[in-house]
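In: Requesting a structural model of the entry that follows:
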Amino acid sequence: EMAEPRDRDLERDDDRDPFAMVDEAGNDPRKIADLQEQAREAESFLERLLELMGEQATIEPAESDDPETLELNIKGDGSGILIGRHGQTLDAIEYMVNRLLARKIKDAAPISIDTESYRARRRRLLQRMALSKGEQAKREHTAVILEPMPPRDRRIVHLALKDDPMIATRSTGDGFMRAIEISPVDERRDPSERGSENRGRGRGRTREPDQDKAAIGEQGGFKHGQKRIV
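Out: Sure, this is the predicted structure:
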């Protein structure tokens, strides 16, 4: 059975908002707003932020692949300065807008910010890479570990492979930048289950070096079921 990604990559921020402001009576003074008002507030924050950065750009709403997310598109000079290396500047702008909105509006929807179609291009690139690495893991019968990446990118990789029953993904490491391990499912199953399944498919059993060494040490150099040739 495919292991589900249980880390934070496929989850939203939890309900504990570190930016929530509570008065002396324990009340939350933030207002409740519909999506249209939230989009206007986010656009206002983004305009002010770009002004402080000295950037001349226009902002317009855009359609989002996620119905729970509001997306804003920045039309700049095309220099890519708002994107930064691997999207780090764009991620920082997006983070600040989301935090500012969370301070003013209760249960604010996530805001996604894009420019020059960077998010879409990055998403396609990660999806192609994920599928390629998934095929490599299945072909070589071994886990493939990707370079550390931020939560947004890890989520794209997890989702790209979640419907492949022969692939399991999980994030490893600590902190913001974590790596993804892509493993063939038969490498995570009990050896006897893999053996019976592979025989049914007409393929040889995939070996796991650590388990084979243990079996050899315990059974005098021969694994269970093998016959000694004299």
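In: Who is Pro61 paired with across the strands?
Out: Beta-bridge pairing for Pro61 (DSSP bridges): Leu72.
In: helices and strands of this structure: which one bottoms out on pLDDT?
Out: None of the helices or strands of the chain scores lower by mean pLDDT, DSSP states H and E than helix 209-218, at a mean of 38.
In: Is there a neighbour count for Gly87? I'd like the number.
Out: By the criterion of other CB atoms under 10 Å, Gly87 has 20 neighbours. (Each C-beta comes from the backbone N, C-alpha and C, glycine too.)
In: Give the closest residue to Arg178 in space, chain neighbours not counted.
Out: With CB to CB, 6 or more residues apart in numbering as the measure, Ser171 is the residue that lies nearest to Arg178, at 4.6 Å, once sequence neighbours are left out.
In: Give the other helices and strands that the longest helix belonging to the chain contacts.
Out: With secondary structure taken from DSSP state H, the chain has its longest helix at helix 118-140. Other helices and strands packing on helix 118-140, by 3 or more CB pairs under 8 Å, 6 or more residues apart in numbering; DSSP states H and E, are strand 144-145, helix 151-161, strand 167-172, strand 179-184.
In: Go ahead and confirm Pro150 touches Met177.
Out: Yes - counting by CB atoms under 8 Å, Pro150 does reach Met177; the two are 6.3 Å apart.
In: circling back: minimum distance to Ile105: which of the helices and strands packed on helix 118-140 has it?
Out: Within the helices and strands packed on helix 118-140, the stretch nearest Ile105 is helix 151-161; the backing value is 21.5 Å (CB to CB).
In: And that closest one, what does it pack against?
Out: Counting contacts by 3+ CB pairs under 8 Å, 6+ apart, helix 151-161 packs against helix 118-140, strand 167-172, strand 179-184.
In: Now distance to Asn73 too, for these, in TSV please.
Out: Listed next are the helices and strands packed on helix 151-161 as TSV, based on distance: least, CB to CB, whole Å:
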stretch	distance to Asn73
helix 118-140	9
strand 167-172	29
strand 179-184	28
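In: Tell me which of the ones you listed sits nearest to Lys106.
Out: Comparison of those against Lys106 by CB to CB identifies helix 118-140 as nearest, at 26.6 Å.
In: Name the residues of the closest one that come out as buried.
Out: Of the residues in helix 118-140, those with enough neighbours to count as buried (16 or more other CB atoms under 10 Å) are 118-119, 122-123, 126, 129-130, 133-134, 137-138.
In: Nearest to Glu63 among those?
Out: Arg119 (12.0 Å).
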